[in-house]
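Chemist: Structure, please.
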Amino acid sequence: ATEHRVWCNYGAVLEKLEVLEEASKCYSQALKQSPCYFKAQYRKSKNLHRRALYGEAVVSYEQAIQLRPDFYKVWYYRGKALLQLNRIDQAIASFQKAVELYDGDSKIWMILGRTLLQAHYPQDALTAINHSLRLNSSNGSAWSYQAASLKALGKLEDAIASLDKSVALEPDNFRFWHFRGLVLLELDQLKAAEESFTMSLKLQAYNHQAWLAMGWVLQKMAD
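Modeler: Numbers count the residues shown, from 1 in each chain. This is a model prediction of the structure:
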């Protein structure tokens, strides 16, 4: 009962069994025995995150950062928790610190790009997304975020080229087809936009936004 590693490992097993509150208590016991035990602090932080206790998770991540400021994943997960709290600028700074420490994780570049786009920094977003795609070009979501950045910059033709890659990689993703249709509609390519919305609705018939967009296209086609 006085061995911090036993408590931490016990918590990890309970976590696997989805007994999350008991797992958290185990991590706290581990930290009671050894307050500077990074593994327990990190696991406790992620446990709070999983239980949607985002404010507590951020505090716990910051305690983990005090122990190991060079571990990029702590900065990444802290950023994700900050996003849930709608603390966008702080989340961006946290993701930027993560990629500064390690620039080889495509998903962190992607979420940084997505968050920069959300904060209306399309050029910076595009730079981050391009970095993500250099690391992993088979991610349909990354291509769609690249398209969103390009669209925000007024580069609609380039956005369509990116969305074509999205739907080629993930042809069953109705959101990609819907977004592609919206960009085609903006380009006044009405027949192609109608086909894209049709594909979106075949995949997800209960998307009211796609039905609305289909109405816009048909109206512009005088149908």
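Chemist: which stretch of helix or strand covers the residue nearest the centre of the chain?
Modeler: Residue closest to the average C-alpha location in the chain (Cα atoms, centre = their mean): Ile111, at 4.5 Å. Using DSSP states H and E, Ile111 maps to helix 106-118.
Chemist: got a list of contacts for that helix?
Modeler: With contact meaning Cβ atoms under 8 Å, 6 or more residues apart in numbering, helix 106-118 is reached by 72, 76, 79-80, 83, 88, 91-92, 95-96, 98-99, 102-103, 122, 124-129, 131-133, 135-136, 139, 141-142, 145-146, 148-149, 152. The C-beta positions use only the backbone N, C-alpha and C, and glycine is treated the same way.
Chemist: Same question for stretch 212-223.
Modeler: By Cβ under 8 Å, 6+ apart, stretch 212-223 touches 178, 181-182, 185, 188, 190-191, 193-194, 197-198, 201.
Chemist: who wins for neighbours among those residues?
Modeler: Counting neighbours by other Cβ atoms under 10 Å, Phe197 leads these with 29 neighbours.
Chemist: For that one, give me phi and psi.
Modeler: Dihedral pair for Phe197: phi -70, psi -40, per degrees, to the nearest 10.
Chemist: check contacts around Ser24.
Modeler: Residues near Ser24 by Cβ under 8 Å, 6+ apart: 11, 44, 47-48, 51.
Chemist: May I see the buried residues of stretch 212-223?
Modeler: 213-214, 217 (16 or more other Cβ atoms under 10 Å).
Chemist: Stretch 191-211 too?
Modeler: Result for stretch 191-211 [16+ other Cβ under 10 Å]: buried residues 192-197, 199-201, 203, 207, 210.
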